[in-house]
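Colleague: okay, structure incoming, though there's no sequence with it:
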């Protein structure tokens, strides 16, 4: 009788098991709103291939990339939960800013160098000011004061000062010697140094001094278990990257037409629109941790992402530009350099005492808003 009942249960599971797509949805817990936003993928393809409307294509592609960024972040985390710290760190470095890299490559291919440079600056100041600001503000509304490990922040802050130096030196050289013959060589050499210090930072945080970086310990303390296998997560991640590449190509093709129609500059699109959209999943994750009183994790997400953009993504773009002669260099406008310097200076000052409140989060957000408004007019 027991065998009969067990047999009936197994038959029921086989006959009435949920469809594969429903099973994926149960494992891929990205939130209902992100699933609804996936509808913009076919809409963007229809707009690009059938309607051929640049503005509509640009808007729908931007909205389509939002859930794809969330999926990439979620599947990367799922793989990281089943990997050792070294692999997790490399995954984070590789896919943490993959969307920015993909969009930048397509933009360089069509000669939109200003958009690429603006998106780099926008991602850096967005992660430093907006992401950390939102996290501190949201956490401060729930907790009167929050504390974080300022020793860890000090290491990341020093890396950010190196970022400022790496971006500023070629720009100052170009200012002193406009269109100098060695600017590409200088930019390439600086990119190599930035890559080496980034790799050294990975060794420092993952090997020799990993005890200082306790954000990973806080994440482990939650005993979070993966919802899907490594193989399934890797398959979904690969599929998301392919779709992002398609969306990025159409987005780049529609940028100039959209900018003209909406009467906004290409620089503003790069520094605000693209930078915010491509990092929206990280912002949601950072705010989530801040609301759980794990501000260390939130701040590390913001600083690490900014560092990865400058010391990992930028050198890759330099290499690609050198190989395919795209003309990309580390020459930024004075206003862009000033924006990064202000962001680094302010976050260093606010993080010195290892404690914060909601007002300090609002202050970071206000500085980002001032910079964004200024770029609307400067561009």
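Modeller: It's in. Note that the coordinates shown come from a computational prediction; the quantities given were computed from them, not determined experimentally. Numbering: from 1, shown residues only.
Colleague: count of neighbours near residue 316?
Modeller: Residue 316 is flanked by 15 other residues according to other C-beta atoms under 10 Å. The way it works is simple: take the backbone N, C-alpha and C, and place the C-beta from them, glycine included.
Colleague: right, and it touches residue 101 too?
Modeller: Yes: using C-beta atoms under 8 Å, residue 316 is in contact with residue 101, at 6.4 Å.
Colleague: what about the closest residue in space to residue 168 that isn't next to it in sequence, how many residues nearby?
Modeller: Distance criterion C-beta to C-beta, 6 or more residues apart in numbering; nearest residue to residue 168, sequence neighbours excluded, is residue 337 at 5.2 Å. By other C-beta under 10 Å, the residues close to residue 337 number 18.
Colleague: so which strand or helix has residue 337?
Modeller: Using DSSP states H and E, residue 337 maps to helix 334-350.
Colleague: helices or strands next to that helix in the packing?
Modeller: Other elements packing on helix 334-350 under the criterion 3 or more C-beta pairs under 8 Å, 6 or more residues apart in numbering; DSSP states H and E are helix 113-125, helix 150-176, helix 358-378.
Colleague: run the last query once more with 10 Å
Modeller: Counting contacts by 3 or more C-beta pairs under 10 Å, 6 or more residues apart in numbering; DSSP states H and E, helix 334-350 packs against helix 113-125, helix 132-142, helix 150-176, helix 295-308, helix 358-378.
Colleague: low pLDDT regions in this protein?
Modeller: Across the chain, the ranges flagged by pLDDT under 70 are 1-26, 84-90, 92-93, 211-224, 379.
Colleague: hey, which helix is longest across the protein?
Modeller: helix 230-262 (DSSP state H).
Colleague: quick one, that helix and helix 113-125 angle?
Modeller: Interaxial angle of helix 230-262 relative to helix 113-125 (axes from the mean of the first three to the mean of the last three C-alpha atoms, to 10 degrees): 120 degrees.
Colleague: returning to what we had before: so for residue 272, which of the helices and strands packed on helix 334-350 sits nearest?
Modeller: Of all the helices and strands packed on helix 334-350, the one in closest proximity to residue 272, counting by C-beta to C-beta, is helix 358-378 (5.1 Å).
Colleague: what about the closest one, distance to the chain center?
Modeller: Relative to its chain's centre, helix 358-378 lies at 19 Å (C-alpha atoms, centre = their mean, to the nearest Å).
Colleague: just to revisit the earlier point, and the helices and strands packed on helix 334-350: which comes nearest residue 73?
Modeller: helix 295-308 (10.1 Å).
Colleague: contacts for the next helix-or-strand element following the closest one?
Modeller: Downstream of helix 295-308, the next assigned helix or strand under DSSP H and E is helix 314-324. For helix 314-324, the external contacting residues (C-beta atoms under 10 Å, 6 or more residues apart in numbering) are 97, 100-101, 104-105, 107-109, 113, 116-117, 120, 124, 163, 166-167, 184-185, 187-196, 198, 308, 326-330.
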